[in-house]
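S.K.: build me a structure from this.
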Amino acid sequence: MPSKRIPLNRAKRPGDSANATSPNRSRHHRVHGASGTTLPLHGSAPAFSHQQSHRDRLLSTEESVGRHVINAPFSRFAEGFRSIKLASDFANFGAGSNKVLGITSALPNEGKSTVSEALAQTLAQSGCRTLLIDGDIRNPSLTARLTPAAQDGLIHVVIGQADWRDVVWIDPQTNLHFLPCAITSRFSNSSDLLASQQMDDLFQQLRQHFDRIVLDLSPLAPVVDVRATRGLADSYILVIEWAKSKIDIVERVLGETPVVRERMLGAVLNKVNVSVMSRYDTYGAAYYRNRYYKRYGYVD
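M.R.: A predicted model of the protein is given here:
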């Protein structure tokens, strides 16, 4: 039986016209799916052009929340991410590799992208060759925050319009590398792109060049994209928003996504109000607030 062709459709933006013309003409590319299917990808990416030099692709992250681990290294925030890093380091010991960490959440706006950035900065600052990838193709918020001027990125590399070395951005202070996801419109078949052979080939290359890769993914409830990353991520971290996320929703999305449940490194309770949390644990209140913590450099 001939292989089925699955189109990677893109959603039209408001105001788009069927006859509208663009300086960048639409090109057709084929992405081979994990099952051997050929997936035609209709051009939503600009044509391949001369790339910027590295000095023009420097991350400006001073105002980013994720950068707080660098700007305030003795903060409780930074110490929390050193704890996450240590857990991932220990997971590296043994037969299995834990090079690629997928970061996801149950619902949107739980802070997974901020956690991805802060963890990547923590890893990079420790001396690891670290790559942060915006893999939330439907809603690449990391790209909008860190590299709003990026014209090429993950999708261009996968469809063969660019080399990954020519589209990564670099933090000059920590040497963190960032692969953005520059899109002009949303892909309805983003899961097919993530499960494609070209994406797998790309990650095999990246594993050879970097010690650690942090992959910011979509949330679990709205889209199925994370399920398509079984061949990309070695382990996953689930971000849960404190006092907002419902237990039944978290349990349901984990039940629907076995790959995350089976490979989950742990969960991060995000946006915690430490003062309020200490009230729920009367006997352990000193754990959250202790005046002697300042002897260890704590500034908050």
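
S.K.: run a quick neighbour tally on residue 62.
M.R.: Neighbourhood size, residue 62 [other C-beta atoms under 10 Å]: 9. All C-beta atoms are positioned from the backbone trio N, CA, C, and that covers glycine.

S.K.: wait, I meant residue 227
M.R.: When neighbours are counted by other C-beta under 10 Å, residue 227 registers 16.

S.K.: once you drop chain neighbours, what's closest to it?
M.R.: When the adjacent residues along the chain are set aside, residue 227 lies closest to residue 257, with 5.7 Å between them (C-beta to C-beta, 6 or more residues apart in numbering).

S.K.: likewise residue 224?
M.R.: residue 191 (5.3 Å).

S.K.: that neighbour sits in which helix or strand?
M.R.: Element membership of residue 191 [criterion: DSSP states H and E] is helix 190-194.

S.K.: same deal with residue 237?
M.R.: With secondary structure defined by DSSP H and E, residue 237 is part of strand 235-241.

S.K.: likewise residue 251?
M.R.: Here residue 251 is assigned to helix 247-256, by DSSP H and E.

S.K.: what angle separates that helix from strand 235-241?
M.R.: Inter-element angle recorded for helix 247-256 and strand 235-241: 160 degrees (by axes from the mean of the first three to the mean of the last three C-alpha atoms, to 10 degrees).

S.K.: got any ranges where the stretch 51-200 of the chain has weak pLDDT?
M.R.: Within the stretch 51-200 of the chain, the stretches with pLDDT under 70 are 51-55, 61, 92-96.

S.K.: sorry, wrong one. I was asking about the stretch 201-300 of the chain.
M.R.: Counting by pLDDT under 70, the stretch 201-300 of the chain contains low-confidence ranges at 278-300.

S.K.: which parts of it are strands?
M.R.: The residue ranges that make up the strands of the stretch 201-300 of the chain, judged by DSSP state E, counting those that start in this stretch, are 212-216, 235-241, 264-270.

S.K.: and the helices in the stretch 101-250 of the chain?
M.R.: For the stretch 101-250 of the chain, the helices defined by DSSP state H, counting those that start in this stretch occupy 112-125, 141-146, 154-158, 190-194, 197-209, 247-256.

S.K.: who are the packing partners of the longest one?
M.R.: Taking 3 or more C-beta pairs under 8 Å, 6 or more residues apart in numbering; DSSP states H and E as the contact definition, the neighbouring helices and strands of helix 112-125 are helix 68-71, helix 76-91, strand 100-105, strand 130-134, helix 141-146, strand 212-216, strand 235-241, strand 264-270.

S.K.: let's see 6 Å
M.R.: In this structure, helix 112-125 makes packing contacts with helix 68-71, helix 76-91, strand 100-105, strand 130-134, strand 212-216, judged by 3 or more C-beta pairs under 6 Å, 6 or more residues apart in numbering; DSSP states H and E.

S.K.: the inter-axis angle of that helix versus strand 264-270?
M.R.: With the same axes, to 10 degrees as the criterion, the two stretches helix 112-125 and strand 264-270 enclose an angle of 110 degrees.

S.K.: okay, the angle between helix 112-125 and strand 100-105?
M.R.: Our comparison of helix 112-125 with strand 100-105, counting by the same axes, to 10 degrees, yields an angle of 150 degrees.
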